[in-house]
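Enquirer: give me coordinates for this.
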Amino acid sequence: MNEATELLTTNTLPLEKIHERLGAIFHEEDNWRVPLSYGDEKTEYATVREGGVGLIDLSSRGRLRVAGSEAIMFLNGLITNDMKTLAEGRWMAAAFPNVQGRLIAAVRVVRLPDESTNKKASPTFLIDTEPATHGSVLKTISRFTMAGDFRVTDLTSETTLLSVQGAGATAIAGRVLGKAVGEIPRDGALAISWRKGAVVVIRATHTGEDGFDLIVTTTEALAVWDALIEAGAQPVGHDALEILRIEAGIARYGRDMDETNVVTETNLDDSVSFTKGCYIGQEIIARIKYRGHVAKKLSGLMFEQDEPIEVGAAIKSAEGKDIGRVTSVARSPRLKRTIALGYVRYEYLAAGTSVKVVSGELEVAAKVEALPFVQGSWQRPV
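Expert: Numbering: from 1, shown residues only. Purely as a prediction, here's the structure:
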């Protein structure tokens, strides 16, 4: 198989047969065939947002294991957050910037239990990244494997990632995986034994609701899926997930952010340490921070009437000045309004600012909104 053919190959999820059996409608996203819905997108949305528990197959995300006595040092020079502060059993958001401070990938880094090598503890991490940035992250970190004790293993093809999302996620996950799951903090992770294998449980949201990501070997994936369904979780496809994540103000790489964006334009402020010292792109990011603010920032838009808004539509001020562009659009079932994410110039970021969006031949009135649009169980004070 030549390189061109390889690039055109579509990956399939380990549980594809189960999704087919459930009547899933499939679509190719980021070179993966994923279930868009199981026939009723509105019900799937309501399952997560209205107090139920949704089960979402996110196995298309990349999972990279990094270990070695020099893992902290190498990773610290590549990402925006401070690896030295990450304790075992915790995770942190981080970004991989390029030398211009622009975004290569937004990731989650989990500190796993140290592994023992030659009677010496070796720091071990799991990097979870979006499908669109799996290859770029793997390429970025793999080039350091010859520079010292720094080992990278791509676990994506041998593991499955299932996400349990909804206000009742703790009860469902605890019923299947044990009471210890409920004790995992919002920035926590726990490796547990389950039947014949192990499950890495990461408390995390993709929807604004409480949730857990479960990383399990592909051989145990079906058993975990079945157990969660039996416990009361309902399958949810990527169409409903898209609405949920826009309502929650969660940016997605390739849609709301890419290599043209400076890291701090994308609302990834909690991914950046301004005290840890040097890393690739640090000088640019710090200079913008101490200058006062970025020129534009990802924000919310709420429309005054339901019209078909195109991704990429121009955002204009009330006076007609170009001030940004739309990156994601959805109709919110909760708000019964069309909402969008988009980049807006700094001077127009105040919530309630009136703007116009030019989509094709349409000019639609909107207001700038603070994110999230909908505050889920994860985003409420605990």
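Enquirer: other SSEs contacting the helix or strand Val216 falls within?
Expert: Following DSSP states H and E, one finds Val216 within strand 211-217. The elements that strand 211-217 packs onto, with contact taken as 3 or more Cβ pairs under 8 Å, 6 or more residues apart in numbering; DSSP states H and E, are strand 159-165, helix 169-177, strand 197-203. No exception for glycine: its C-beta is placed from N, CA and C like everyone else's.
Enquirer: and that strand, which strands flank it?
Expert: strand 159-165 (antiparallel), strand 197-203 (antiparallel) (DSSP bridges).
Enquirer: could I get the ones you listed as JSON lines with mean pLDDT and mean neighbour count?
Expert: Formatted as JSON lines, these follow (pLDDT from 0 to 100; neighbours: other Cβ atoms under 10 Å):
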{"stretch": "strand 159-165", "mean pLDDT": "98", "mean neighbour count": "25"}
{"stretch": "strand 197-203", "mean pLDDT": "96", "mean neighbour count": "20"}
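Enquirer: can you redo those as a markdown table with distance to Ala147?
Expert: Output for the strands paired with strand 211-217, formatted as a markdown table (distance: least, Cβ to Cβ, whole Å):
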| stretch | distance to Ala147 |
| --- | --- |
| strand 159-165 | 26 |
| strand 197-203 | 27 |
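Enquirer: how about those, which one is nearest Thr218?
Expert: Thr218 sits nearest to strand 159-165 of all the strands paired with strand 211-217, at 5.4 Å, using Cβ to Cβ.
Enquirer: so which residues make contact with the closest one?
Expert: Residues outside strand 159-165 that contact it (Cβ atoms under 8 Å, 6 or more residues apart in numbering): 13-15, 48, 53-59, 61, 63, 128, 172-173, 204-207, 209-218, 221, 224-225, 228, 233, 236, 244.
Enquirer: now list the buried members of those.
Expert: With neighbours counted by 16 or more other Cβ atoms under 10 Å, those contain buried members at 13-15, 48, 53-59, 61, 63, 128, 172-173, 204-207, 209-217, 221, 224-225, 228, 233, 236, 244.
Enquirer: ok, which of the helices and strands packed on strand 211-217 comes nearest Ser116?
Expert: Of the helices and strands packed on strand 211-217, nearest to Ser116 by Cβ to Cβ is strand 197-203, at 16.9 Å.
Enquirer: can I get the closest one in PDB, CA atoms only?
Expert: Output of strand 197-203 as PDB, limited to C-alpha atoms (Å, rounded to 0.1, in the frame of the first residue of the first chain):
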ATOM      1  CA  GLY A 197      -8.600  -6.400  32.500                       C
ATOM      2  CA  ALA A 198      -8.000  -2.900  33.700                       C
ATOM      3  CA  VAL A 199      -9.900   0.400  33.000                       C
ATOM      4  CA  VAL A 200      -8.400   3.800  33.300                       C
ATOM      5  CA  VAL A 201     -11.200   6.100  34.500                       C
ATOM      6  CA  ILE A 202     -10.800   9.800  33.900                       C
ATOM      7  CA  ARG A 203     -13.400  12.200  35.300                       C
END
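Enquirer: distance from the chain centre to it, please.
Expert: 18 Å (Cα atoms, centre = their mean, to the nearest Å).
Enquirer: now stretch 221-233
Expert: Distance, centroid of stretch 221-233 to centroid of chain: 23 Å (Cα atoms, centre = their mean).
Enquirer: residue boundaries of the helices in the stretch 251-382 of the chain?
Expert: In the stretch 251-382 of the chain, helices defined by DSSP state H, counting those that start in this stretch lie at 282-291, listed in chain order.
Enquirer: show me the shaky parts of it.
Expert: 381-382 (pLDDT under 70).
Enquirer: which parts of it are strands?
Expert: Using DSSP state E, counting those that start in this stretch, the strands of the stretch 251-382 of the chain run over residues 296-303, 314-317, 322-332, 337-345, 354-359, 362-369.
Enquirer: out of the strands paired with strand 211-217, nearest to Thr85?
Expert: It's strand 197-203; of the strands paired with strand 211-217, that one is closest to Thr85 (Cβ to Cβ) at 17.9 Å.
Enquirer: tell me the first helix or strand C-terminal of the helix or strand where Thr140 lies.
Expert: Secondary structure from DSSP H and E places Thr140 in helix 134-142. Using DSSP H and E, the helix or strand that follows helix 134-142 in sequence is strand 151-154.
Enquirer: partner strands of that following strand, with direction?
Expert: strand 62-67 (antiparallel).
Enquirer: run the chain-centre distance for whichever helix or strand comes after the strand it pairs with.
Expert: For strand 62-67, the following helix or strand on the C-terminal side (DSSP H and E) is helix 71-76. A distance of 22 Å separates the centroid of the chain from that of helix 71-76, by Cα atoms, centre = their mean.
Enquirer: how about stretch 99-117?
Expert: With Cα atoms, centre = their mean, you get 14 Å for stretch 99-117.
Enquirer: kindly export it (C-alpha atoms) in CSV.
Expert: Output in CSV follows, covering the C-alpha atoms of stretch 99-117 (Å, rounded to 0.1, in the frame of the first residue of the first chain):
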residue,chain,number,x,y,z
VAL,A,99,7.4,28.5,17.7
GLN,A,100,4.9,31.3,16.8
GLY,A,101,2.7,30.4,19.8
ARG,A,102,0.0,29.0,17.5
LEU,A,103,-1.9,25.9,18.3
ILE,A,104,-0.8,22.5,17.1
ALA,A,105,-3.1,20.6,19.5
ALA,A,106,-5.2,20.9,22.7
VAL,A,107,-4.7,17.8,24.9
ARG,A,108,-5.4,16.3,28.3
VAL,A,109,-2.4,14.9,30.1
VAL,A,110,-3.0,12.2,32.7
ARG,A,111,-0.4,11.2,35.3
LEU,A,112,-0.5,7.5,35.6
PRO,A,113,1.2,5.4,38.4
ASP,A,114,5.0,5.4,37.9
GLU,A,115,6.4,2.3,36.2
SER,A,116,9.5,0.7,37.6
THR,A,117,12.5,0.4,35.2
